[in-house]
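Asker: I'd like to go over a predicted model; first the sequence, then the structure.
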Amino acid sequence: MYINTNIAAINTQRHMYQTNLGLDKTLERLSSGLRINTGADDASGLAIVEKMAVQNKGVATAIQNTQDGSALFKIADGAMDQVAKILTRMEELSVRAANQTLTLSDRSAMKEEIGQLVEHLDSVANNTEYNTMKLLNGNLDVKKVLTQTTGTTGTIRILNAPGTVQTATNLDMTIIDPGTAAVSTGLGPADPGSWGLVNTISVNGYEVNIVATDTTDTVLSKINLQNQKTGVVAVRTTAGTVSLVTGRLDKDAANVINVGSGDTTINGSALGYLTLGTTATIAIGGATDVWSCLGFTGGVLDVYNMSGTNAQATLSGIAMVGHGSVLEMQNTSSKAYGIKLQVGMFNGAEGNFIINNTGTTASSINYLSYALDGADISLDASFKMSLQIGANYDQNISYNIESVESSTLGIGASSKFSSLADIDITTVENANISIKVIQKAVVDIADRRATIGAIMNRLEYTDKTLQVQRENMTSAESKIRDADISLEMTNYTRENILLQAGTAMLAQANSKPQSILQLLKQ
């Protein structure tokens, strides 16, 4: 037994100290609700949950960003819905104006309404805003500049520069092949004097009935009556040679001007527009004697079944993919990935056209673009609407919203009216052409709305994904950081009892040396 050193008291005191520390920790966790209050509680756990906490805040903000973006596109879509209603009224007026029963005063009143509708459409385009940002006037679109360096001006143009394109300057575009129509040409002049029979011929699977009294021009006219089904135009040269060309008949083609460089003559003899590409085909069949009288001799009709070719071009040395006269950059390494160009364009219309009664077959087909024609293209993608939809670097998506101004709608529908802004209904002819332009404008708006609808759907899914991500991330963070209250209450009770027991035992340990006094009394 020792007086100087009370080992039992020291031992009890040490245990009480540990118990007190444990009790303090338990009280801290119960009061804060957190298992990790300092780095000492769980160093690795703290490192994990701190990153999670930052991510969680970022995801919460990304959810707000996504919802804001969705609201922006809803405003744009709502405004475009009104534009569609305006176009519906404009078409109604144009169809009415195309009727010969109207007087000049009637047309004047309708022209005034058309003018007001165009002005209101432009007003919608220029005044639709979200947070003071103009949405439909082209401010959020990719800025694109095309300068034709060689060839007839206006025969190359940008159809679409989607959000996939990046900012780039001086992209060199060179046409390798502008694309060709399918053409079948008779070997000699037509000789209608020898049909003498009732026969049936076919063009691209559609039958044409021939009677003995038909002339060459009658047969060609019958073939052309099927143009909307066959996509084939029958033409006859001054030499009497007959050719079949893939294209569509359109009286509006008579308005095409500037056939050659510097020529501004209106082509009143133009029958319609060419259709180019490998999908442009001619397959003839049926009575060989009728075809023979049209100059398609040689015994086997298969030799006259033809296909066109797609346009080919390079953009800064990278090959584009052609579909008819449309060229698309599909190489993801190109800054112009997704851009669509069209060759053979003139005055915003289809451009390449067919002329009847020309000296040779070749001259009956007019191409406005040729091999080695080129253009310089610059793109500025900095104006696109960029949405940060994640908590980390570069987790964003960018979209461009095309302009819906009247000058940007209806392009390509007519060679007389270059856009919706130019339509006129003061004559039956102009009103008829205006219908085409308005209908193209309707398609343009529908395409823009479809794009925005797809964006809104994606943002909706993005919002749902982020909501689930935030929920699961919060759950994961809670499992690491938050205190288990039931466990901590158990620990608290245990530590509290140990503290009370330790206090009692310390008192006993301190009183233990007093028993030595009994020995000293002896």
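Answerer: The structure has been received and is ready for your questions.
Asker: now do the helices in this protein.
Answerer: 7-32, 43-97, 104-127, 216-225, 227-230, 288-293, 428-481, 485-511, 516-521 (DSSP state H).
Asker: so which of those helices is the most packed in?
Answerer: Mean neighbours per residue, mean count of other C-beta atoms under 10 Å, is largest over those for helix 288-293, with a mean of 20. For every residue, glycine as well, the C-beta is placed using N, CA and C.
Asker: tell me the confidence at Leu102?
Answerer: With respect to pLDDT, Leu102 scores 90.
Asker: that one - how many residues pack around it?
Answerer: Counted by other C-beta atoms under 10 Å, the residues lying close to Leu102 total 17.
Asker: these two touch, right, it and Arg96?
Answerer: Yes - if you go by C-beta atoms under 8 Å, Leu102 and Arg96 touch, sitting 7.3 Å apart.
Asker: re the thing from before, mind telling me which of the helices of the chain the model trusts least?
Answerer: Among the helices of the chain, helix 516-521 carries the lowest mean pLDDT, a mean of 74.
Asker: from Ile435, how far out is Ala441?
Answerer: Ala441 sits 11 Å away from Ile435, taking C-beta to C-beta, to the nearest Å as the criterion.
Asker: same question, Thr103
Answerer: 20 Å.
Asker: try Phe353
Answerer: 20 Å.
Asker: list the contacts of Asn496.
Answerer: By C-beta atoms under 8 Å, 6 or more residues apart in numbering, Asn496 lies in contact with Leu23.
Asker: if you set the cut-off to 10 Å instead, what comes out?
Answerer: Contact analysis of Asn496 by C-beta atoms under 10 Å, 6 or more residues apart in numbering lists Thr19, Gly22, Leu23, Thr26, Leu27.
Asker: got it, and Gln116?
Answerer: Here Gln116 is in contact with Ile86 (C-beta under 10 Å, 6+ apart).
Asker: going forward can the numbers begin at 56, since that is how I track them
Answerer: That works, and once the first residue is 56, the last one we named lands at Gln171.
Asker: nearest to Ser324, out of the helices of the chain?
Answerer: Ser324 lies closest, by C-beta to C-beta, to one member of those: helix 271-280, at 14.6 Å.
Asker: ok, and what's touching that closest one?
Answerer: 244-248, 250, 256, 258, 261, 263-266, 269-270, 285, 287-291, 295, 297-299, 304, 326-327, 339, 345-346, 348-350, 411.
Asker: apply 8 Å and report the result again.
Answerer: 245, 247, 258, 263-265, 269, 285, 287-291, 295, 297, 299, 304, 345, 348-349.
Asker: so Gln494 touches Ala468, yeah?
Answerer: Yes - counting by C-beta under 8 Å, Gln494 touches Ala468, with 7.2 Å between them.
Asker: hang on, the earlier thing: anything in contact with each of Leu157 and Arg151?
Answerer: Common neighbours of Leu157 and Arg151 (criterion: C-beta under 8 Å, 6+ apart): Met165.
Asker: which regions of the stretch 306-455 of the chain sit below the pLDDT cut-off?
Answerer: 312-320, 353-355, 401-406 (pLDDT under 70).
Asker: contacting residues for Lys439?
Answerer: Leu195, Asp196, Val197, Gly218, Ser453, Tyr454, Asn455.
Asker: repeat that for Leu304.
Answerer: Each residue near Leu304 by C-beta under 8 Å, 6+ apart is listed here: Asn279, Asn282, Val288, Leu326, Gly327.
Asker: quick check: closest non-adjacent residue to the second one.
Answerer: In other words, Asn282. Nearest residue to Asn282, sequence neighbours excluded (C-beta to C-beta, 6 or more residues apart in numbering): Leu304, at 4.8 Å.
Asker: partner residues bridging that neighbour?
Answerer: In this entry, Leu304 is beta-bridged to Gly327, by DSSP bridges.
Asker: over to Ile265?
Answerer: Asn254.
Asker: quick check: it touching Val253?
Answerer: Yes - with contact defined as C-beta under 8 Å, Ile265 reaches Val253; the gap is 6.9 Å.
Asker: between those two, which has more neighbouring residues?
Answerer: Ranked by neighbour count (other C-beta under 10 Å), Ile265 and Val253 place Ile265 first, with 23 against 12.
Asker: how much space between that one and Asp479?
Answerer: Distance from Ile265 to Asp479, counting by C-beta to C-beta: 42 Å.
Asker: rewinding a little: any common contacting residues for Gln494 and Ala468?
Answerer: Common neighbours of Gln494 and Ala468 (C-beta under 8 Å, 6+ apart) do not exist.
Asker: and the nearest residue to Ile490 once chain neighbours are set aside, how close does it get to Ile488?
Answerer: Excluding the flanking residues, the one nearest Ile490 by C-beta to C-beta, 6+ apart is Ser149, at 4.8 Å. Distance, Ser149 to Ile488, by C-beta to C-beta: 9 Å.
Asker: and for these two, which residues touch both?
Answerer: With C-beta under 8 Å, 6+ apart as the test, Ser149 and Ile488 both reach Ile478.
Asker: for Ala164, see how far away Ile480 is.
Answerer: Distance from Ile480 to Ala164, by C-beta to C-beta: 11 Å.
Asker: how about Ile535?
Answerer: Going from Ile535 to Ala164 by C-beta to C-beta gives 75 Å.
Asker: next: Ala501.
Answerer: 29 Å.
Asker: cool, Pro217 as well?
Answerer: Counting by C-beta to C-beta - Pro217 and Ala164 are separated by 41 Å.
Asker: check contacts around Ala417.
Answerer: Per C-beta under 8 Å, 6+ apart, neighbours of Ala417: none.
Asker: please redo it, this time with the cut-off set to 10 Å
Answerer: Val238, Thr240, Thr292, Ser298.
Asker: Leu475: which of the residues you listed is nearest?
Answerer: Closest approach between these and Leu475, by C-beta to C-beta: Val238, at 34.0 Å.
Asker: show the buried residues in the contacts of helix 271-280.
Answerer: Among those, those classed as buried by 16 or more other C-beta atoms under 10 Å are 245, 258, 263, 265, 269, 285, 287-291, 297, 299, 304, 345, 348-349.
Asker: and the residue nearest to Asn282, how far from Met440?
Answerer: Leu304 sits 42 Å away from Met440, going by C-beta to C-beta.
Asker: the buried ones among the contacts of helix 271-280 in strands, which ones?
Answerer: Val258, Val263, Ile265, Val287, Val288, Ala289, Val290, Arg291, Val297, Leu299, Leu304 (DSSP state E).
Asker: the second one contacts Thr255, doesn't it?
Answerer: Read it as Val263. Yes - with contact defined as C-beta atoms under 10 Å, Val263 counts as touching Thr255 (6.9 Å).
Asker: intersection of neighbour lists for the two?
Answerer: Jointly contacting Val263 and Thr255 under the rule C-beta under 10 Å, 6+ apart are Gly341, Ala342, Val345.
Asker: now for the nearest residue to the first one once chain neighbours are set aside: which residues touch it?
Answerer: Nearest residue to Gly341, sequence neighbours excluded (C-beta to C-beta, 6+ apart): Ile256, at 3.6 Å. By C-beta under 10 Å, 6+ apart, the residues touching Ile256 are 262-265, 274, 277-278, 339-346, 349, 351, 356.
Asker: also Ala486?
Answerer: 148-154, 157, 162, 165-166, 169, 478-480.
Asker: what do you get for Ala115?
Answerer: Applying C-beta under 10 Å, 6+ apart, the residues near Ala115 are Ala446, Leu521, Gln522, Arg525, Met528, Thr529.
Asker: how close does the fourth one sit to Tyr454?
Answerer: What that stands for is Arg525. Counting by C-beta to C-beta, the separation of Arg525 from Tyr454 is 23 Å.
Asker: Ala309 reaches Ser469, doesn't it?
Answerer: No - Ala309 is beyond contact range of Ser469, at 11.2 Å (criterion: C-beta under 10 Å).
Asker: among these two, which residue is more densely surrounded?
Answerer: Shown here are Ala309 and Ser469; by other C-beta under 10 Å, Ser469 has more neighbours (26 against 18).
Asker: pop out the phi and psi values for that one.
Answerer: phi -140, psi 150 (degrees, to the nearest 10).
Asker: picking that back up, from the contacts of Ala486, pick the one nearest Ser178.
Answerer: Ile169 (14.8 Å).
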